[in-house]
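J.: Predicted model and sequence below, questions to follow.
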Amino acid sequence: MKRRKSSLGELISTFVFIGMAIWLTYEGIAGYSRGEIIKAMLIWLGGFLALIASFRFQIQIIVNKLKKQNEN
């Protein structure tokens, strides 16, 4: 499979997702220390989803390989 070049916009959005994951993790810790357990867990969920979003192109490659294996 030929690998395509990524654009500058894709690189910027990846760094934004990583930055948001770090920031949301920090905010979740702050909320947890204030005793806001449910709010902290939801914030951590958002941080986890942002982290997963930063790997969206690698996940796409894995999913495409799995689809190709299922077709054969």
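T.: Yep, that arrived.
J.: This structure: helices as residue ranges?
T.: 8-33, 37-54, 56-71 (DSSP state H).
J.: What residues sit buried inside the first one?
T.: I take that to be helix 8-33. Under the neighbour-count criterion of 16 or more other Cβ atoms under 10 Å, helix 8-33 has 14, 17, 20-21, 24-25, 27-28, 31 buried. No exception for glycine: its C-beta is placed from N, CA and C like everyone else's.
J.: hang on, the earlier thing: rebuild the helices of the chain as CSV, extending it with mean pLDDT.
T.: Below are these laid out as CSV (pLDDT from 0 to 100):
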stretch, mean pLDDT
helix 8-33, 96
helix 37-54, 97
helix 56-71, 92
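J.: ok, back up a step: how about the buried residues of helix 8-33 in a markdown table, adding distance to L51?
T.: Shown next, in a markdown table, are these (distance: Cβ to Cβ, whole Å):
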| residue | distance to L51 |
| --- | --- |
| T14 | 11 |
| F17 | 7 |
| M20 | 9 |
| A21 | 4 |
| L24 | 9 |
| T25 | 9 |
| E27 | 14 |
| G28 | 12 |
| G31 | 18 |
